[in-house]
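sequence plus predicted model, see below.
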Amino acid sequence: MKKKVAIIMGGYSSEYKISLKSGNVVYTYLNKANFECYRIHIFRDKWVYVDDEEREYAVNRDDFSVKIDDQKIKFDCVFNAIHGTPGEDGLMQAYFELLGIPQTSCNYYQAALTFNKRDLLSVLKPYGIKSAPSYYLNYGDEVNEDAIVAKVGLPCFVKANKAGSSFGISKVFEKKTLKSAIELAYKEDNEIIIEGFLEGIEVSVGVIKYKGKTKVLPITEIVTENEFFDYEAKYEGKSQEITPARISLQQEEKVSAVAKNVYDILKMNGFSRSEFIFVGDEPYMLEMNTTPGLTTESILPQQAKIAGISLSELFGNAILEVLPKNP
C-alpha cells in the first residue's frame, strides 16, 4: 500500500515563496508509484491541503489530518520543505514528535540549535570547528561601535541571528554605517551576530542521511558578483555555483571531514547544507541549513545530481529513512 506523504511548504518567514517552490519540486519528483502525495501549505492564518485544482481543505491541527469528501486522511510521513520558521527552527519538528508522525528533517533540538547561528558555533567550538570572530547583540542592547570593531574588525558582516536566505544581512566597511546595518538586521530578528570578514573561497557542503549512512555530497564553490552571497546572488542569478568546487584535494578532504563531523556531532538526520570559507587550507564554518532549497536549481539537488542521485531518489530516500522499518 502506498504511504501517504504530506509535503509541508510555505512558513511564516520571508522565505515562504522559495519554500513553496521547493515543496512543489518535491511534489513533482516524488515517485507516485510509491507515495500518495499531498501538498500542505503552512501559513500563519491557515494550514490547508491544496489539491491539483488548487482547491483548499483545512488541516485539523489536533492530529494533522485532512477531511476530503467525508474521508479523513491521516499521514504516514511528513516531508518538510519549509525554510525558516516554523519548519527550520524546531517548531514543526516538536509538533510532529508529539503527534508521533515521522518527518524528514532533523529532530526539534537540532533544528532549534542550527537555526541559531551563534548558539551553533558556540556548541561546535570545543570540538575544534573554526569560525570567524563574532560579537552578539540582542534587541535593546547598547550599540558600542568601538567595541564591535575592536572585536571583529572591518569589514564585517551584520546578520540576523535566526533568519535564512541572507535576509537582514549587510557587509559593513565603515564604523559609521554599523547602526543602519544593525537596524536592518533587527527587521528580521531580535538577535544579531556580527562576524569578522574572512577572505577566501566560499563553499557549500551538503551532508545527508542516505541508505542509512552519513553521506557527504560533492562540494559547491560559490562565486558571487555581489559583495557577498546575498538573496540576489542566491536566487536572481548574481552568482555562479560551481560543482564540484575548484579546490585542492587537501581542501576537499578537510572540509568534507569537518562537515561530516559536525553532522555526526549534532546527531543530525535528513538534509543539511553547511557553508564554509577557506582561510588558506583551513575551513571556517559560517552556518548550517537543515531545510535547504530543493528546487532544481538549488545547491543540494545540484550536488546530488553530480553524485548520481536523482531528485526522485533523493526525496524518496529521505522518506524511507524515517518510516518505521519492518521487523
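It's in. Numbers count the residues shown, from 1 in each chain.

in this protein, where is pLDDT below threshold?
Residue ranges of the chain with pLDDT under 70: 164-166, 226-238, 326-327.

can you tell me the centre-most residue of it?
residue 289 (2.7 Å; C-alpha atoms, centre = their mean).

and that one, what does it touch?
Contact analysis of residue 289 by C-beta atoms under 8 Å, 6 or more residues apart in numbering lists 83, 88, 114, 164, 272-275. To be clear about C-beta, it is placed using only N, CA and C from the backbone, and glycine gets the same treatment.

residues in contact with the helix or strand encompassing residue 59: which ones?
Using DSSP states H and E, residue 59 falls within strand 56-60. With contact meaning C-beta under 8 Å, 6+ apart, strand 56-60 is reached by 40-41, 46-51, 65-68.

can you list the buried residues in the longest helix seen in the chain?
Among the elements of the chain assigned as helix by DSSP state H, the one spanning the most residues is helix 249-265. For helix 249-265, a neighbour-count test (16 or more other C-beta atoms under 10 Å) marks 251-252, 254-256, 258-263 as buried.

same question for stretch 122-140.
For stretch 122-140, the neighbour count (16+ other C-beta under 10 Å) marks 123-124, 129-132, 134-135, 137 as buried.

just checking: what are the partner strands of the strand holding residue 59?
strand 47-50 (antiparallel), strand 65-68 (antiparallel) (DSSP bridges).

off-centre distance for it?
Mean-position distance between strand 56-60 and its chain equals 26 Å (C-alpha atoms, centre = their mean, to the nearest Å).

got it, and stretch 100-116?
Stretch 100-116 sits 11 Å away from the centroid of its parent chain (C-alpha atoms, centre = their mean).

go through that stretch and flag the buried ones.
Across stretch 100-116, burial judged by 16+ other C-beta under 10 Å covers 101-108, 110-116.

now do the end-to-end distance for it.
End-to-end distance for stretch 100-116: 25 Å, by C-alpha to C-alpha, to the nearest Å.

any residues touching the helix or strand just after the longest helix of the chain, and which ones?
As assigned by DSSP H and E, the chain's next helix or strand after helix 249-265 is strand 271-279. Here strand 271-279 makes contact (C-beta under 8 Å, 6+ apart) with 104-106, 114, 132, 198-208, 222, 229, 247, 251, 255, 258-259, 262-263, 283-292, 294, 299-300, 318.

quick check: the gap between the residue nearest to residue 212 when sequence neighbours are not counted and residue 155.
Using C-beta to C-beta, 6 or more residues apart in numbering and skipping residues adjacent in sequence, the residue nearest residue 212 is residue 321, 7.3 Å away. In this structure, residue 321 and residue 155 are 41 Å apart, going by C-beta to C-beta, to the nearest Å.

neighbour-wise, which of these two wins?
With neighbours defined as other C-beta atoms under 10 Å, residue 321 and residue 155 compare such that residue 321 has more, 18 against 15.

distance of that one from residue 214?
Remark: distance between residue 321 and residue 214 (C-beta to C-beta) = 11 Å.

and the longest helix of the chain, what does it pack against?
strand 202-210, strand 213-216, strand 271-279, strand 282-289 (3 or more C-beta pairs under 8 Å, 6 or more residues apart in numbering; DSSP states H and E).

coming back round to it: the host helix or strand of the residue nearest to residue 212 packs against which elements?
Using DSSP H and E, residue 321 falls within helix 311-322. Here helix 311-322 touches helix 16-29, strand 77-80, strand 202-210, helix 299-306, going by 3+ C-beta pairs under 8 Å, 6+ apart.

after the second one, next one along is what?
Think strand 77-80. Downstream of strand 77-80, the first helix or strand assigned by DSSP H and E is helix 91-99.
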